[in-house]
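Novice: give the three-dimensional model of this entry:
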Amino acid sequence: MAMLNISIPIPTERITYKKDGPDKPRRVYHVEKRYRNALGTPTAKEVAIGKEDPTRPGWMIPNERFTEFYPLPVDAISLTPPQEVLAAGHIALLWQRAEAIGLTKALQQVFPLQAQELLAMAIYMVCEGNVMMNLDLFIRESLLSTRLSLNSQRSSELFAQISEEQRFRFLSSGVLSTKTRNRPWLMM
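Specialist: Numbering: from 1, shown residues only. Now for the predicted structure:
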């Protein structure tokens with residue numbers, strides 16, 4: 001049975017679960033009917049409709065049979081990366097989104113000499129985390145080296161150069177407005 005490439009909330013009625021093993025997500029079943037067998041034991045006719053989503057408690061990844069019993073909810077989350085990510089890669093997508101939401105322009109206005117380096121460090125932090133130890137390797141492997149040269153020492157120097165006044169100007173520039181804070185996909 002093929003799984004659909006979405007994650008949805010688990011229905012609240014007529015659902016049972018079965019576990020395959022200790023490190024596997026539970027399978028989700030729809031109970032078609034409950035009855036007593038010839039010996040009087042309670043029994044149920046169940047149909048597998050998917051498995052629990054291990055990354056989202058209370059959500060499931062449905063299979064093709066799910067739609068026989070339930071409509072697909074409107075709050076389904078696609079598990080397929082957007083076409084832009086598949087076509088260009090996550091780093092190119094982050095550069096594109098930074099341009100689209102005005103982050104690049106705001107950085108250039110407030111930090112005219114360091115804008116590209118600060119944006120590259122922000123992309124590194126989104127992709128790899130906050131530890132700057134492997135920044136130079138990330139820059140080389142991601143082809144950002146064609147735009148700039150960065151390492152952990154240079155990142156420390158950059159952070160030291162930023163004044164408190166520049167920080168306040170950037171934060172008040174409006175890039176981090178409620179429009180993007182309330183809709184995180186605009187930042188992605």
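
Novice: so what does the longest helix seen in the chain touch, helix or strand wise?
Specialist: If each helix of the chain is counted by residues according to DSSP state H, the longest one is helix 115-128. In terms of contacts (3 or more Cβ pairs under 8 Å, 6 or more residues apart in numbering; DSSP states H and E), helix 115-128 is packed against helix 90-100, helix 103-110, helix 135-141, helix 152-161. Heads up, the C-betas are built off the backbone N, CA and C, glycines and all.

Novice: show me where the chain dips below the pLDDT cut-off.
Specialist: Residue ranges of the chain with pLDDT under 70: 1-2, 81-88, 143-147, 176-188.

Novice: residue 107: neighbour count?
Specialist: Residue 107: 21 surrounding residues under other Cβ atoms under 10 Å.

Novice: ignore the last one, residue 132
Specialist: Neighbours of residue 132 using other Cβ under 10 Å come to 20.

Novice: need phi/psi at residue 13.
Specialist: For residue 13, the backbone dihedrals (degrees, to the nearest 10) come out as phi -120, psi 150.

Novice: residues contacting it?
Specialist: Counting by Cβ atoms under 8 Å, 6 or more residues apart in numbering, residue 13 makes contact with nothing.

Novice: likewise residue 50?
Specialist: With contact taken as Cβ under 8 Å, 6+ apart, residue 50 is in contact with 3-4, 27-28, 60-63, 66.

Novice: farthest-separated two in those?
Specialist: 4 and 27 (14.6 Å; Cβ to Cβ).

Novice: then residue 7 would be within a strand, right?
Specialist: Yes: the assignment for residue 7 (DSSP: H, G, I helix; E, B strand; the rest coil) places it in a strand.
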